[in-house]
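Trainee: pasted the sequence and its predicted model underneath.
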Amino acid sequence: MESLQTWLDREYRHAATAMLRSVSAVDIVKERPGFGQTMRPVKGSIIASPVPGAYDPDPDYFFHWFRDSAVVIDAIRLLYDDGMMGPEAITHLTDFVRFSESLGTLDGRTLVSDRSWRSRVISDFEKYVREDTELGMVRGKLVVVDTRVNPDGTLDISRWARPQHDGPPLRALALLAWLRGGKLPATVASEVAKLLREDLLFTQTYWREPSYDIWEEEHGQHYYTLRVAAQALSDGAAWAESLGDSEHALRWKGESETIRRLLDSFWMKEAGHYRSRVLTSGARSAKELDIAIVLAAIHAVSTDPAHSVRDPRMHATLAQLEALFDVAYPINHQRPPNRGPAMGRYAGDVYYSGGAYYFSTFGAAEFCFRAAAAFAADAGGKHTDDVRNWVARGNAYFETLRAYTPQSGDLSEQFDQKTGEQTSAKHLAWSYAAFISCYLARRAVVG
């Protein structure tokens, strides 16, 4: 059997290629006959999955999600910085920024006034179409809270969980990372900065407003959304300061600190973990223990002691999630000692197999490698027992992922909690992006 390192290197090369199938997928045509639509992606759009499913049984993920696309464009940066991609990475970024900017010209009122498209929706699908009142409110800066758009640059007419506020701050964090790299041509950097400023201003204005969670299921205030908002505003403040914009630097820093104080209230001392949400209804959610907490720590990278990989409360939350899925998933029962638990989203998940997610398990592994790197830095670069333990824990997750990844290296959204077979969307771009960032986080500490 090949070594873990050999498998990781091979999977890294595959993930780098496979993820790009979702980027500017202009050669793929997706038919939605029930909605009377033919989707032809344009340059700059990033589809969640390039497989044109229709819940037959693969889900229809042929959309440009604001959250998913931000994760992917950041993974492209990582590949570029690592030399796995050349100038084409800058082209993808430029196309992505221009596509994102173009969405601000959309106006749902045009769909309300021109009703010809409704006549093409077959009767069985009318119940899935948005009402005029909802469509009429979507325009300008509010397009970005519409969760997703069609990859041809038009509004999604189907009913979905909206609004969602994690897209703008997550995209801002990705754009800030591109700018910090210092490798962008001046013209591209200018376009990136324009979109970045819009995302930061949006985050500044709307972070207090409740929205749907990262899984698009429950309405309220969510740890993940608030955490990425806090980091985007904090990093954005440093960027504004570097440009001499002290007004926005001061405002964004203050807003970030306010959010961080609010995040402290999400700690549940008796339960021993961060809660993932506070629902608008005031009811308690069964999804309070959620992998989204761990994902927040790796998507909003910070050197702060709180709400980061250094935070003991984060460590406790990860341990609780490990215990949860260890018991809940049959594939985790009697697992070999060198494997970590396959990780899902939350207790009682029923979506498709309700099973383990590749990006959840990669996310837990990346948390471990980033924690190892942080504690190694605190120890002056020494690999203490604590550092070695975190690395071993991350490697154990990778061993599990290796066991449930086919020889082809292809990654779907989930792998079944009972059989380990892949389920849900095939070739999920987020799964590949999660592997890429996890692999490089490991290399940063292991070498």
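Mentor: Ah, there it is.
Trainee: and the helices in the protein?
Mentor: 4-19, 66-81, 88-102, 108-113, 132-135, 167-181, 186-206, 223-242, 246-264, 292-299, 312-328, 358-378, 385-403, 429-446 (DSSP state H).
Trainee: just checking, what packs against the last one?
Mentor: Other elements packing on helix 429-446 under the criterion 3 or more CB pairs under 8 Å, 6 or more residues apart in numbering; DSSP states H and E are helix 4-19, helix 66-81, helix 358-378, helix 385-403. (Each C-beta comes from the backbone N, C-alpha and C, glycine too.)
Trainee: one more time with 10 Å, if that's ok
Mentor: With contacts defined as 3 or more CB pairs under 10 Å, 6 or more residues apart in numbering; DSSP states H and E, the packing partners of helix 429-446 are helix 4-19, helix 66-81, helix 292-299, strand 356-357, helix 358-378, helix 385-403.
Trainee: ok, and which of these has the densest surroundings?
Mentor: The highest average neighbour count among those, using mean count of other CB atoms under 10 Å, belongs to strand 356-357 at a mean of 26.
Trainee: how far off centre is that one?
Mentor: 14 Å (CA atoms, centre = their mean, to the nearest Å).
Trainee: still on that earlier bit, nearest to V327, out of the helices and strands packed on helix 429-446?
Mentor: strand 356-357 (13.4 Å; CB to CB).
Trainee: format the helices of the chain as JSON lines; extra columns: distance to P52 and mean pLDDT.
Mentor: JSON lines is the format used below for the helices of the chain (distance: least, CB to CB, whole Å; pLDDT from 0 to 100):
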{"stretch": "helix 4-19", "distance to P52": "16", "mean pLDDT": "98"}
{"stretch": "helix 66-81", "distance to P52": "16", "mean pLDDT": "98"}
{"stretch": "helix 88-102", "distance to P52": "20", "mean pLDDT": "98"}
{"stretch": "helix 108-113", "distance to P52": "23", "mean pLDDT": "96"}
{"stretch": "helix 132-135", "distance to P52": "24", "mean pLDDT": "96"}
{"stretch": "helix 167-181", "distance to P52": "23", "mean pLDDT": "98"}
{"stretch": "helix 186-206", "distance to P52": "28", "mean pLDDT": "98"}
{"stretch": "helix 223-242", "distance to P52": "29", "mean pLDDT": "98"}
{"stretch": "helix 246-264", "distance to P52": "39", "mean pLDDT": "98"}
{"stretch": "helix 292-299", "distance to P52": "27", "mean pLDDT": "98"}
{"stretch": "helix 312-328", "distance to P52": "31", "mean pLDDT": "98"}
{"stretch": "helix 358-378", "distance to P52": "20", "mean pLDDT": "97"}
{"stretch": "helix 385-403", "distance to P52": "26", "mean pLDDT": "97"}
{"stretch": "helix 429-446", "distance to P52": "14", "mean pLDDT": "98"}
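Trainee: and the ones you listed as JSON lines, adding distance to G53?
Mentor: Below are those laid out as JSON lines (distance: least, CB to CB, whole Å):
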{"stretch": "helix 4-19", "distance to G53": "17"}
{"stretch": "helix 66-81", "distance to G53": "15"}
{"stretch": "helix 88-102", "distance to G53": "23"}
{"stretch": "helix 108-113", "distance to G53": "25"}
{"stretch": "helix 132-135", "distance to G53": "25"}
{"stretch": "helix 167-181", "distance to G53": "22"}
{"stretch": "helix 186-206", "distance to G53": "30"}
{"stretch": "helix 223-242", "distance to G53": "26"}
{"stretch": "helix 246-264", "distance to G53": "36"}
{"stretch": "helix 292-299", "distance to G53": "24"}
{"stretch": "helix 312-328", "distance to G53": "26"}
{"stretch": "helix 358-378", "distance to G53": "17"}
{"stretch": "helix 385-403", "distance to G53": "23"}
{"stretch": "helix 429-446", "distance to G53": "14"}
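Trainee: and Y329, which of the helices and strands packed on helix 429-446 is closest to it?
Mentor: Among the helices and strands packed on helix 429-446, strand 356-357 sits nearest to Y329 (CB to CB), with 6.3 Å.
Trainee: for the closest one, the averaged confidence score.
Mentor: If you average the pLDDT over strand 356-357, you get 98.
Trainee: that strand - contacts with which helices or strands?
Mentor: Using 3+ CB pairs under 10 Å, 6+ apart: strand 356-357 touches strand 414-415, helix 429-446.
Trainee: for P87, which of the ones you listed is the nearest?
Mentor: Among the helices and strands packed on strand 356-357, the nearest to P87 by CB to CB is helix 429-446 (18.8 Å).
Trainee: using CSV, write out the CA atom coordinates for that closest one.
Mentor: The C-alpha trace of helix 429-446 is given here as CSV (Å, rounded to 0.1, in the frame of the first residue of the first chain):
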residue,chain,number,x,y,z
ALA,A,429,-15.9,22.0,-6.3
TRP,A,430,-15.9,22.7,-2.5
SER,A,431,-14.7,19.2,-1.8
TYR,A,432,-11.7,19.7,-4.0
ALA,A,433,-11.0,23.2,-2.6
ALA,A,434,-11.2,21.8,0.9
PHE,A,435,-8.6,19.1,0.1
ILE,A,436,-6.2,21.7,-1.5
SER,A,437,-6.3,24.1,1.5
CYS,A,438,-6.0,21.1,3.9
TYR,A,439,-3.0,19.6,2.0
LEU,A,440,-1.1,22.9,2.0
ALA,A,441,-1.9,23.5,5.7
ARG,A,442,-0.4,20.2,6.4
ARG,A,443,2.7,20.8,4.3
ALA,A,444,3.2,24.2,6.1
VAL,A,445,3.8,22.3,9.4
VAL,A,446,5.1,18.9,8.2
